[in-house]
Structure formats: structure tokens, C-alpha cells
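Undergrad: Kindly generate the corresponding structure for this input.
(one chain, ligands or ions: 1)
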Amino acid sequence: MSETLLKVSGLTMRFGGLLAVDQVEFEVRKDEVFAIIGPNGAGKTTVFNCVGGFYKPTTGSILMDGKKIDGMPSHKVAQQGLVRTFQNVRLFKNLTVLENLLVAQHTHIETSLVKGLFKVPSYRKSEQDALKSAAEWLDFMGIRQFANREAGNLAYGHQRRLEIARCMITRPRLLMLDEPAAGLNPQEKRDLQQLIDQLRKEFGVAVLLIEHDMSLVMGVSDRIMVMEHGKPITTGLPADVRSDPRVIKAYLGEE
Ligand SMILES: Nc1ncnc2c1ncn2[C@@H]1O[C@H](COP(=O)(O)OP(=O)(O)OP(=O)(O)O)[C@@H](O)[C@H]1O
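TA: Below is the predicted model:
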């Protein structure tokens with residue numbers, strides 16, 4: 001069994017009188033694809049928002065490689081190697097596809113004003129590296145032919161791939177995907193499953209996934225946590241979760 005990358009303990013999030021997430025515990029191991037499923041309103045996105053630094057949890061602890069990240073803002077969480085996509089794709093729609101990938105690397109590029117103005121060699125080198133890396137990711141995602149097109153004009157499936165590339169270009173250790181199959185056609189969903197497998201195998205990235213598409217979840221996940229009313233009801237292997245009567249009742253049964 002591989003080591004723990006993310007450890008969430010006693011996570012609780014309250015919105016006024018509503019307990020959206022109630023004592024949630026789980027771990028994501030290095031190289032693992034871990035999915036969170038459950039009916040609408042179960043608290044999945046709220047867990048994501050706490051882990052990604054978008055909400056400060058009411059109580060609980062979130063450790064990334066042993067380091068406390070709960071309460072950190074999202075850009076600091078990203079610096080710890082944890083990045084995410086959104087339910088509705090969020091890109092700089094008026095920038096080109098290539099520019100989206102260059103902007104994503106800005107924290108890694110030497111942006112010192114003086115160095116930039118005088119274009120000293122180290123600045124030029126980091127610019128070249130950023131371009132090279134962007135080109136490689138465009139090739140990997142099969143969207144290089146759209147490099148100079150405005151991101152907002154890409155087909156939806158390509159926008160999703162660009163959003164994942166924008167995360168991966170920062171070389172995260174944990175990639176969080178929030179309903180990545182939403183809005184994709186059946187072929188795009190199969191491609192997505194292959195992509196997630198490939199990202200894990202080739203780049204050693206762990207994946208934390210929220211998804212309603214059961215075929216994708218069952219096909220791609222190592223382990224699955226099922227939530228209902230803010231609480232985990234079970235965590236296990238896809239085959240075990242699929243046949244668990246509580247899960248069928250809470251989630252699969254409602255479809
Ligand atoms: N910012 C917020 N303010 C108040 N209530 C919220 C907020 N965000 C979520 N909630 C509530 O918390 C509960 C859990 O919502 P959440 O979006 O986490 O569920 P979910 O499992 O992700 O659902 P879905 O599958 O529909 O995305 C819901 O009752 C929701 O209305």
C-alpha cells in the first residue's frame with residue numbers, strides 16, 4: 001500500500017444552521033485515484049472547497065504530506081502541489097489556448113521586473129521553458145492545433161482538456177477534478193478515463209474526483225467514498241461500493 005498524500009480528519013463545515021459536511025474522514029494515497037460520490041447536496045463540493053482552500057472548515061484538519069493546509073488560501077494550497085478544476089470550466093476565455101498555459105506557469109517563471117525589462121538570459125530561458133512545456137501539454141492533450149484560438153471558442157470537451165492541462169503544467173501531486181465528465185459525450189468520457197489513467201501512470205499524480213457518471217467512477221477509481229447528508233457512509237473498492245446495499249439505497253437506487 002502506498003503512502004498517504006492527503007489526510008482529512010474530522011472535517012466539518014457549517015453554513016449558518018446547515019451542517020453541510022459532518023465529521024468527514026478520508027485519505028488519498030500517492031498515485032491513487034480516489035472518488036467521492038453521493039446524491040445531490042451530499043456535501044461533496046463543500047469537501048472539495050475545504051480541501052482546495054476555498055472554504056475555511058468549521059472544524060477538522062487537512063494535511064498534505066503531513067503539512068497542515070486547512071485554512072490556507074487556495075493559491076497557497078496550490079503551492080503545496082494541490083490543484084483543481086471546476087464543475088463549470090473556468091478558463092481565461094479571451095486569452096488563447098497557449099496563453100492560458102503560459103499564465104498558469106507564472107508562479108514558476110522568473111517575473112522579476114528588472115530581469116524582465118532587460119531580458120537577462122535567465123528570464124529568456126524561463127520564458128522558453130514555459131513555451132516548451134505549454135507545447136508539450138498541448139500535444140499530450142491533442143489540442144495543439146487550437147494553440148492560437150481563443151479558449152472560449154473551443155469545443156466544450158477541448159476546454160475541459162485545456163483546464164486539466166492548465167492544472168498539470170504546474171506539476172501537482174494531487175489533481176482534484178470536480179465532475180470532469182459533465183457535459184461530455186460518450187466518446188469524450190472514454191477519452192477522459194484514459195487520460196486520468198495516463199496522468200496517474202506517467203506523471204505519478206494522485207487524483208481526487210467528484211463525479212456522477214458511474215461508468216467513469218467505477219472504471220477509473222482505486223477507492224470510492226460515498227457521502228449522504230454530509231457524512232461518509234462507506235469507503236471501499238469500486239466492486240464493494242457498487243454492491244453495498246446502503247449505497248444502492250442512498251445513491252444508485254435513486255437513479
Ligand atoms: N456557500 C454555501 N452557503 C450555504 N449553503 C451551502 C453552500 N454551499 C453548499 N451549501 C449547502 O450545503 C449542502 C451540500 O452542498 P454541496 O454542494 O457540497 O453538495 P454536493 O454533494 O456537491 O451536491 P451536487 O452533487 O449537487 O454538486 C447543500 O445543502 C447545499 O445547499
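Undergrad: With adjacent residues omitted, what lies nearest to the most centrally placed residue in the chain?
TA: By C-alpha atoms, centre = their mean, the mean C-alpha position of the chain lies nearest to residue 176, the distance being 1.8 Å. In this structure, residue 176 finds its nearest non-sequential neighbour in residue 84, 3.7 Å apart by C-beta to C-beta, 6 or more residues apart in numbering. Yep, even glycine has a C-beta here, placed from its N, CA and C like the rest.
Undergrad: Next one: the residue nearest to the centre of the chain from residue 144, what distance?
TA: Residue 176 is 25 Å from residue 144, where distance means C-beta to C-beta, to the nearest Å.
Undergrad: again, but for residue 92
TA: From residue 92 to residue 144 the distance is 18 Å (C-beta to C-beta).
Undergrad: Can you confirm whether stretch 52-66 lies near the ligand?
TA: No. Using C-beta under 6 Å from any ligand atom, stretch 52-66 never reaches the ligand; the gap is at least 7.6 Å.
Undergrad: what comes into contact with that stretch?
TA: The contact list for stretch 52-66 (C-beta atoms under 8 Å, 6 or more residues apart in numbering) reads 5-14, 21, 23-24, 46, 48-51, 68-78, 80-82, 84, 173-174, 176.
Undergrad: Among those residues, the buried ones, what's the ChimeraX command?
TA: Command for ChimeraX that selects the buried part of the contacts of stretch 52-66, burial taken from 16 or more other C-beta atoms under 10 Å:
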select :5,6,7,8,11,12,13,21,24,46,48,49,50,51,69,70,72,77,78,80,81,82,84,173,174,176
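Undergrad: Now, the contacts of stretch 52-66 that are in helices?
TA: Of the positions in the contacts of stretch 52-66, 46, 48-51, 74-78 sit in helices, assigned by DSSP state H.
Undergrad: What about residue 186, how many residues nearby?
TA: Residues lying near residue 186 (other C-beta atoms under 10 Å) number 10.
Undergrad: whoops, residue 198 was the one
TA: Residues lying near residue 198 (other C-beta under 10 Å) number 11.
Undergrad: Show me the contact partners of the strand or helix carrying it.
TA: Element membership of residue 198 [criterion: DSSP states H and E] is helix 186-203. Helix 186-203 has contacts (C-beta under 8 Å, 6+ apart) with 31-33, 141, 157, 160-161, 164, 168, 171, 175, 177, 180-181, 184, 205-207, 209, 213, 215-216, 219-220.
Undergrad: Just put the ones in helices among the contacts of stretch 52-66 in CSV and tack on distance to the ligand and pLDDT.
TA: Shown next, in CSV, are the ones in helices among the contacts of stretch 52-66 (distance: C-beta to the nearest ligand atom, whole Å; pLDDT from 0 to 100):
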residue, distance to the ligand, pLDDT
46, 3, 97
48, 8, 95
49, 7, 95
50, 10, 96
51, 12, 96
74, 15, 91
75, 20, 89
76, 21, 92
77, 18, 94
78, 21, 92
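Undergrad: Stretch 207-226 close to the ligand?
TA: No. Using C-beta under 6 Å from any ligand atom, stretch 207-226 stays clear of the ligand, with a minimum separation of 6.6 Å.
Undergrad: Now do stretch 166-175: everything it contacts.
TA: Contacts with stretch 166-175, where a contact means C-beta under 8 Å, 6+ apart, come from 5-6, 28, 30, 64-65, 78, 81-85, 91, 100-101, 104-105, 107-108, 133-134, 137, 164, 199, 203, 205-208.
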